[in-house]
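Student: this is a predicted model, with the sequence first.
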Amino acid sequence: MKDAVVLVTGAGRGIGRAIALAFAARGARILLCARTAGEIRDAAARCSEAGGPGLALRLDVREEGEIEALANRVGRELGRLDVLVNNAGIYTSAPVAETTSAAWRETLETNLTGPFLLTRTFLPLLRRSAKGHLFMVGSIASRQAFAECGAYCASKFGLLGLTEVLREELRGDRIRVTSVLPGATDTAAWDGKGSDAERPRMVRAEEVAEAVVAAYALPPSSSVDEITLTPAAGPI
Ligand SMILES: NC(=O)c1ccc[n+]([C@@H]2O[C@H](COP(=O)([O-])OP(=O)(O)OC[C@H]3O[C@@H](n4cnc5c(N)ncnc54)[C@H](OP(=O)(O)O)[C@@H]3O)[C@@H](O)[C@H]2O)c1
């Protein structure tokens, strides 16, 4: 894993930041992407302290032009990408009847179109890797419907479908594709939502990250198709 080039979207906080740090601790080179410059700069500094150089790169996953510019830069400066972690996502909640078109579009563009654009744009660089791996962070809401989660469930069900198609399409390139489906995970995404008393029962972001790194560490002959992690004490 040492010197693997790993790009993580949504790496400024939460699950993405934990995944970036877990790869950095194994000596990988981390490209940390999100919109909030201060958060990715801080996370990149932590990666470098942990043992893998971190580079903060501002990116809005909804912006095709920004993604293309980033891929050109990575190609020019590093020549390949070993791991792409499509993690950036937003949670929106409202009954379908009250979901605004703006909220619907923002959720689908961030959680589904963003991973599509990143994957399509970075595929040529992933194909140059001797051990390419694509991680798509969905949710248990990729399989299970929750009331008042129409846009979120639609985006995450769609992402799971896209991920399963990519797994079939990329077998010939020896790029492994893993769906990561966390249940409730204790991140800032829960701030102001639900009860604080439930937070200690949630999955830790670091535990999701360890599962991701373990899937990458397996020899290329086997593929972890799906990682589902839920609170051991029961659903939240
Ligand atoms: N926490 C949970 O319980 C849970 C459960 C299941 C699945 N998930 C999934 O896990 C992923 C991470 O969730 P989290 O809980 O870690 O969320 P979080 O703490 O809110 O972090 C989300 C990250 O995504 C980035 N992001 C959001 N919109 C973006 C955009 N348009 N372009 C680039 N970056 C963007 C954010 O940075 P900026 O805002 O600075 O851009 C931030 O770094 C999401 O896909 C989420 O759906 C979370």
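Tutor: Received it, and whenever you're ready, just let me know what you need. Every value quoted in this text rests on a predicted model; they were computed, and no experiment measured them.

Student: need the residues of this protein near the ligand, please.
Tutor: 9-10, 12-16, 34-36, 39, 59-62, 87-91, 110, 137, 139, 182, 184-185, 187-189 (CB under 6 Å from any ligand atom). C-beta: built from backbone N, CA, C; applies to glycine.

Student: what subset of the residues you listed is buried?
Tutor: Burial by neighbour count, 16 or more other CB atoms under 10 Å: within the residues of the chain next to the ligand this picks out 9-10, 12-16, 34-35, 39, 59-62, 87-91, 110, 137, 139, 182, 184-185, 187.

Student: those residues in helices, which ones?
Tutor: Judged by DSSP state H, the subset of those located in helices is 14-16, 39.

Student: can you put those in a markdown table and add pLDDT?
Tutor: Shown next, in a markdown table, are these (pLDDT from 0 to 100):
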| residue | pLDDT |
| --- | --- |
| Gly14 | 98 |
| Ile15 | 99 |
| Gly16 | 99 |
| Glu39 | 98 |
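
Student: Ile30: which of those is nearest?
Tutor: Distance ranking of those against Ile30, using CB to CB, places Gly16 first at 10.5 Å.

Student: how about the closest one, what does it touch?
Tutor: By CB atoms under 8 Å, 6 or more residues apart in numbering, Gly16 lies in contact with 8-10, 32, 34, 85, 87-88, 137.

Student: strands of this structure, start to end?
Tutor: Secondary structure of the chain (DSSP state E): strands at 5-9, 29-34, 54-58, 83-86, 133-137, 176-182, 226-229.

Student: so which of those strands gets nearest Leu162?
Tutor: Using CB to CB, the strands of the chain put strand 133-137 closest to Leu162, at 7.4 Å.

Student: who's Leu181 bridged to?
Tutor: Thr228 (DSSP bridges).

Student: is it in contact with Ile227, as I believe?
Tutor: Yes. Using CB atoms under 8 Å, Leu181 is in contact with Ile227, at 6.7 Å.

Student: more crowded one of these two?
Tutor: In this view Leu181 and Ile227 are compared by other CB atoms under 10 Å, and Leu181 has more residues nearby, 24 against 18.

Student: quick one: contacts for the more buried one?
Tutor: With CB under 8 Å, 6+ apart, Leu181 has these contacts: 138-140, 142-143, 160, 226-229.

Student: so where's the longest helix in the chain?
Tutor: Assigned via DSSP H, the chain shows its longest helix as helix 150-169.

Student: from the chain's centre, how far out does it sit?
Tutor: In terms of CA atoms, centre = their mean, to the nearest Å, the centre of helix 150-169 is found 13 Å from the chain centre.

Student: quick check: Ala151 touching Ser101?
Tutor: No. Ala151 is beyond contact range of Ser101, at 10.2 Å (criterion: CB under 8 Å).

Student: so which of the two has more stuff around it?
Tutor: The neighbour count for Ala151 versus Ser101, taken as other CB under 10 Å, is higher for Ala151 (23 against 7).

Student: so who does that one touch?
Tutor: Ala151 sits next to 92, 94, 99, 103-104, 107-108 when contact means CB under 8 Å, 6+ apart.

Student: tell me the contacts of the closest residue to it other than its chain neighbours?
Tutor: Nearest non-adjacent residue to Ala151, counting by CB to CB, 6 or more residues apart in numbering: Thr107, 4.0 Å away. Thr107 makes contacts with 90, 92, 151-152, 154-155, as judged by CB under 8 Å, 6+ apart.
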